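Peer 1: can you look at this prediction? I've put the sequence above it.
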Amino acid sequence: MPPAANELPQPVRLAADGEQTAARRMFVIVNPYATTVSDRLRSLVVHALRGRYEVLAVDTERRDHATELAREAVADRYDAVVAFGGDGTVNEAANGLAGSETALFPLPGGRANVYCRMLGISPDVVDATAHLLALADDWRPRRVDLGRVNDRHFLFSSGLGLDASVVKVVDAHPRAKARLGEWYYTWAAMRTFAGQYMTDAPRLRATLGETTVDGVTVIVQNGDPYTYFGDTPVRMGAGATLDGGDLAGVVLRRANPVDVPSIAARALRSPEGVTGHRRVHGYRGLRSLRVESADGRPLPLQVDGDYIGDVNEALFRCVPEALTVVR
């Protein structure tokens, strides 16, 4: 008997022996406020995915909601969580999935979509959706590392100091962030540097194994690059990979306008990032490191491009094979 008019046939997949089996269950977490997400695009993506998967789609309603939804997906034994939004949405979902067998697929809905690119997923949502549909017949989950700072996981980067201060400014103006993108980050960086870090930068001390380095900014990477400026990768530290089992990054020793042009040029052009600059201390191959305030002032902290608060101390570590992904 054919399905009723208001019913849709359930998607199926072919097993290795050619038998039809139930489609994989997919929990789609949508950030409706992400830069490139719209109601129409959401409907098109979900409709397309329902051709190959059993899909439940839920919109986020508040900060950290994606973490809660991802944990529900784990508890309900979903095969995968699709995080449809920017890197902040993907970070929240990863925090809910860490340590589980439920796989993560980041669907690009932000501007930079750094984690998508790191996994080899197109930053174009149409191409990424087509790729996810093709994975229904070539499902190969893999384990990758996560970084962790205090009680928060991060996918590819975290920072204390100038970069976090810039992110704090940008996050406070979401409309300008969505409209101007990387140019708004540039403006915020110049304003923050000139208005605070050039004259009265908070001081920090980083303990890197047996080495202690004083500075004004620490960047910790679980992967490469640090971010993107348009389609150009921005590299700070060197040596971090998503499955390498360790962290890499840099400590900016001081904030001086004379050094800014050469640091920016290295970040945009050098495969080694800014690690060779005379005002920068580069490190790699660390399983953990500790950063603390050196002058008593709290330090701004960001993870994967989202400001999450001020801290007096931050303990970073790599958590090997903490996350399952499909790509």
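Peer 2: On my side now, so go ahead. Just so we're clear, the structure is a prediction, and the values are computed from it rather than from any experiment. Residues are numbered from 1 along each chain as shown.

Peer 1: would you map the strands across the stretch 101-250 of the chain?
Peer 2: Secondary structure of the stretch 101-250 of the chain, counting by DSSP state E, counting those that start in this stretch: strands at 103-108, 142-149, 152-154, 157-160, 204-208, 211-215, 217-221, 227-229, 232-234, 247-252.

Peer 1: so which of those strands gets nearest residue 91?
Peer 2: If you check each of those against residue 91 by Cβ to Cβ, strand 152-154 wins as the nearest, at 6.4 Å. C-betas here are computed from N, CA, C, even on glycine.

Peer 1: centre of the chain versus that closest one, how much separation?
Peer 2: Averaging C-alpha positions (Cα atoms, centre = their mean, to the nearest Å) puts strand 152-154 9 Å from its chain's average.

Peer 1: quote the end-to-end distance of stretch 147-159.
Peer 2: With Cα to Cα, to the nearest Å as the measure, the first residue of stretch 147-159 is 12 Å from its last.

Peer 1: so what touches it?
Peer 2: Counting by Cβ atoms under 8 Å, 6 or more residues apart in numbering, the neighbours of stretch 147-159 from elsewhere in the structure are 87, 90-91, 94-95, 98, 114-115, 118, 146, 167, 217-223, 226-227, 236, 242, 247, 301-305, 308, 311, 314-319, 322-323.

Peer 1: only whichever of those residues are buried, select them in PyMOL.
Peer 2: Remark: buried members of the contacts of stretch 147-159, expressed as a PyMOL selection using 16 or more other Cβ atoms under 10 Å:
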select buried, resi 87+90+91+94+95+98+114+115+118+146+167+217+218+219+220+221+222+223+226+227+236+242+247+301+302+303+304+305+308+311+314+316+317+318+319+322+323
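
Peer 1: looking at the contacts of stretch 147-159, which are in helices?
Peer 2: Filtering the contacts of stretch 147-159 for membership in helices, criterion DSSP state H, returns 87, 90-91, 94-95, 114-115, 118, 167.

Peer 1: can you tell me which of those is nearest residue 57?
Peer 2: Nearest to residue 57 among those, with distances taken as Cβ to Cβ, is residue 90, at 16.0 Å.

Peer 1: re earlier: deepest-packed of the strands of the stretch 101-250 of the chain, please.
Peer 2: The highest average neighbour count among these, using mean count of other Cβ atoms under 10 Å, belongs to strand 157-160 at a mean of 30.

Peer 1: so in that sheet, which strands flank that one, and in what orientation?
Peer 2: Paired neighbours of strand 157-160 in the sheet (DSSP bridges): strand 217-221 (antiparallel), strand 299-303 (antiparallel).

Peer 1: how about the ones in helices among the contacts of stretch 147-159 in TSV, adding distance to residue 276 and pLDDT?
Peer 2: Below are the ones in helices among the contacts of stretch 147-159 laid out as TSV (distance: Cβ to Cβ, whole Å; pLDDT from 0 to 100):
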residue	distance to residue 276	pLDDT
87	27	96
90	31	98
91	30	98
94	32	98
95	34	98
114	23	96
115	27	97
118	23	96
167	25	91
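
Peer 1: what's the weakest-modelled helix or strand in the chain?
Peer 2: Evaluated with mean pLDDT, DSSP states H and E, the helix-and-strand set of the chain has its lowest mean pLDDT in strand 12-14, which scores a mean of 56.

Peer 1: want to throw the strands paired with strand 157-160 into TSV with distance to residue 185 and mean pLDDT?
Peer 2: As requested, those are arranged in TSV below (distance: least, Cβ to Cβ, whole Å; pLDDT from 0 to 100):
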stretch	distance to residue 185	mean pLDDT
strand 217-221	15	97
strand 299-303	12	97
